[in-house]
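K.L.:
My questions concern the predicted model and sequence given below.
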Amino acid sequence: MTARTQLAGTVRPAARLRGRLTLPADKSIAHRALIVNALSGGPAFVEARMPGDDVFSTAACLQTLGVSVTETHTDGLVHFAIEGDAESNARLDCGNSGTTMRLLSGAMAGRPVRVTLDGDASLRARPMERVASLLRAAGADATTTDGRAPITVTGRSSLRATRHRLPVASAQLLAAAALAGLAADGETAIETPSAVRDHTERMLAAAGVPISRDGLVTILRGPSTPRPISTRVPGDTSAAAPWIVAAAICADAEVTLVDVGLNPTRTALLDLLRRMGADVSSVITGDGPEPTGEIRVRGGRRLDPVQVAGSEVAALIDELPLVGVLMAATQGPSELRDASELRVKESDRIATTVAGLAAIGASVEELPDGWRVSRGRPRDARITTHGDHRIAIAFAVAALAGVATGVELDDPACVAVSYPGFWADLAKVSS
């Protein structure tokens, strides 16, 4: 039986998976490229293939702030031309994007503007006091609404150089503190409890900002103004993840992802799959500020149970619902621990992943900071996504790879937040 998708979001198992896919632009990099170039004053361009809704939220916020951001759409590529400075007091609609809210809060802390950043109901439920406290420590005025959005930031043209110790391993918090540090006189140091993505350091360094990472500490010397840096955003490693997981599980599969980011802080899923016994290879073909290349996955191998905990969790944070599906494809038991941060994402991703795994027939137990799971008897299920794109994609993959006999998603359109072409790519690899 070939995979089948309908408007209602129904997916059935594929007998085989084949194809070469070019992925949507990495939204983590695209957010940073837009914001850093806006802070530079431009002119610069950012080119991104099929960016998700979150990236357009950042572009729209910059426009509201007075930055000229012109979009040109050609054959799936979006060319953002950026010029001018963020000078306007504004109320910003960040949509569903926590990255937009946290990074722009940091960027505006060092500007003499007053901004209120808001978003949809899901974003309003996510914690924002963490970022506000970082900005207050640097000398900006930042207030939240009972610890959540809306968050109002009154910036200053000169901030204090500060040593921050982040309460959680978060690349978004690190980026907010670093962007605020551009306006500080002296050395801003940001220490994380475990390793996180280094896109902020790479982007700012490429733009001429004196920034480096030594172990778990990022150091930036300000004040510093980034120079314009035109860039083409590579394919999103997180968008590669569904096809990597589906191909690893499916008995008859060979899938290649091209022009995808291979930043070593983003390839933990490849390491995990190799540990589980999957046939996964990667090769770097382009080595700029962000290394890019190809990933190839072949199915047919038995996957071993796995334990995920500690620093590995932060490296896998966006892929953990898919990791839950992987775990349900083994005879188990597999276990995820130390992942309580999942409870404050677009949904409570521990609860939603566990509910989905139980619905498709896996043997699963919810833990305070993760789950314990092994393969059960696959069955049909209707999945409540809570509007969470990662949940929708993970359980579409569960059905595609045969971990479920069929899945119907209540909100298939929510994948557009990060992956507008997901359903077309699913049809391509399973046809």
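P.N.:
Good, I have the coordinates. As the structure is a computational prediction, the values presented were derived from the model and not from experiment.

K.L.:
show me where the stretch 151-300 of the chain has helices.
P.N.:
Using DSSP state H, counting those that start in this stretch, the helices of the stretch 151-300 of the chain run over 171-181, 199-206, 237-249, 268-276.

K.L.:
buried residues in the last one?
P.N.:
Neighbour-count burial for helix 268-276 flags 268, 269, 270, 272, 273, 276 (criterion: 16 or more other CB atoms under 10 Å). Glycine gets a C-beta too; all of them are placed from N, C-alpha and C.

K.L.:
Could you pull up the mean pLDDT of that helix?
P.N.:
For helix 268-276, the mean per-residue pLDDT is 97.

K.L.:
Work out the gap between it and the centre of the chain.
P.N.:
Once both centres are worked out by CA atoms, centre = their mean, to the nearest Å, helix 268-276 turns out to sit 18 Å from its chain's centre.

K.L.:
now swap in stretch 106-113 and tell me
P.N.:
Stretch 106-113 sits 24 Å away from the centroid of its parent chain (CA atoms, centre = their mean).

K.L.:
which residues are in contact with it?
P.N.:
Applying CB atoms under 8 Å, 6 or more residues apart in numbering, the contact partners of stretch 106-113 are 35, 38-39, 65, 86-90, 115, 131, 134-135, 138, 140, 142, 153-159, 175-184.

K.L.:
any idea how far residue 308 is from residue 101?
P.N.:
28 Å (CB to CB, to the nearest Å).

K.L.:
out of these two, which sits in the busier spot?
P.N.:
residue 101 (28 against 23; other CB atoms under 10 Å).

K.L.:
pretty sure that one is touching residue 93, no?
P.N.:
No - using CB atoms under 8 Å, residue 101 is not in contact with residue 93; the gap is 10.0 Å.

K.L.:
shared neighbours of those two, anything?
P.N.:
With CB under 8 Å, 6+ apart, residue 101 and residue 93 have common neighbours residue 119.

K.L.:
Just put the helices of the stretch 151-300 of the chain in a markdown table and tack on distance to residue 105.
P.N.:
Below are those laid out as a markdown table (distance: least, CB to CB, whole Å):
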| stretch | distance to residue 105 |
| --- | --- |
| helix 171-181 | 6 |
| helix 199-206 | 14 |
| helix 237-249 | 23 |
| helix 268-276 | 27 |
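
K.L.:
For residue 191, find the nearest of these.
P.N.:
For the helices of the stretch 151-300 of the chain, proximity to residue 191 was assessed by CB to CB; helix 171-181 is nearest, at 9.4 Å.

K.L.:
Tell me which stretches of the stretch 151-300 of the chain form strands.
P.N.:
163-165, 186-191, 211-214, 217-222, 231-232, 253-261, 279-287, 291-298 (DSSP state E, counting those that start in this stretch).

K.L.:
how about the CA coordinates for the second one, as CSV?
P.N.:
The reference is to strand 186-191. Output in CSV follows, covering the C-alpha atoms of strand 186-191 (Å, rounded to 0.1, in the frame of the first residue of the first chain):
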residue,chain,number,x,y,z
GLY,A,186,32.5,45.5,27.6
GLU,A,187,32.3,41.8,27.7
THR,A,188,29.0,39.9,27.8
ALA,A,189,29.4,36.3,28.9
ILE,A,190,26.6,33.7,28.5
GLU,A,191,27.0,30.4,30.2
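
K.L.:
Show me what that strand packs onto, helices and strands only.
P.N.:
Packing partners of strand 186-191 (3 or more CB pairs under 8 Å, 6 or more residues apart in numbering; DSSP states H and E): strand 163-165, helix 171-181, strand 217-222.

K.L.:
follow-up on the earlier one: CSV for the strands of the stretch 151-300 of the chain, including distance to residue 371 and mean pLDDT?
P.N.:
Below are the strands of the stretch 151-300 of the chain laid out as CSV (distance: least, CB to CB, whole Å; pLDDT from 0 to 100):
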stretch, distance to residue 371, mean pLDDT
strand 163-165, 29, 98
strand 186-191, 29, 98
strand 211-214, 32, 96
strand 217-222, 32, 98
strand 231-232, 38, 95
strand 253-261, 25, 97
strand 279-287, 23, 94
strand 291-298, 24, 98
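
K.L.:
okay if I get those as TSV plus mean neighbour count and distance to residue 323?
P.N.:
Shown next, in TSV, are the strands of the stretch 151-300 of the chain (neighbours: other CB atoms under 10 Å; distance: least, CB to CB, whole Å):
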stretch	mean neighbour count	distance to residue 323
strand 163-165	15	28
strand 186-191	19	27
strand 211-214	16	26
strand 217-222	20	27
strand 231-232	22	30
strand 253-261	21	18
strand 279-287	13	14
strand 291-298	20	15
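
K.L.:
Let me have the ones you listed in a markdown table, extended by distance to residue 387.
P.N.:
Shown next, in a markdown table, are these (distance: least, CB to CB, whole Å):
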| stretch | distance to residue 387 |
| --- | --- |
| strand 163-165 | 32 |
| strand 186-191 | 31 |
| strand 211-214 | 34 |
| strand 217-222 | 33 |
| strand 231-232 | 30 |
| strand 253-261 | 26 |
| strand 279-287 | 31 |
| strand 291-298 | 29 |
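
K.L.:
Out of those strands, which gets nearest to residue 317?
P.N.:
So among these, strand 253-261 is nearest, using CB to CB, at 15.8 Å.

K.L.:
Surely residue 225 and residue 182 touch.
P.N.:
Yes - using CB under 8 Å, residue 225 makes contact with residue 182 at a distance of 7.1 Å.

K.L.:
list the residues that contact both of these two?
P.N.:
In contact with both residue 225 and residue 182: residue 39, using CB under 8 Å, 6+ apart.

K.L.:
what about this structure, any weak spots by pLDDT?
P.N.:
Across the chain, the ranges flagged by pLDDT under 70 are 1-9.

K.L.:
what about the strands in the stretch 301-431 of the chain?
P.N.:
According to DSSP E, counting those that start in this stretch, the strands that the stretch 301-431 of the chain contains are 307-308, 334-336, 363-367, 370-374, 380-383, 406-409.

K.L.:
could I get these as TSV with distance to residue 348?
P.N.:
Below are the strands of the stretch 301-431 of the chain laid out as TSV (distance: least, CB to CB, whole Å):
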stretch	distance to residue 348
strand 307-308	18
strand 334-336	14
strand 363-367	10
strand 370-374	12
strand 380-383	15
strand 406-409	18
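
K.L.:
among those, which is nearest residue 262?
P.N.:
Taking CB to CB, strand 307-308 is the member of the strands of the stretch 301-431 of the chain nearest to residue 262, at 21.0 Å.
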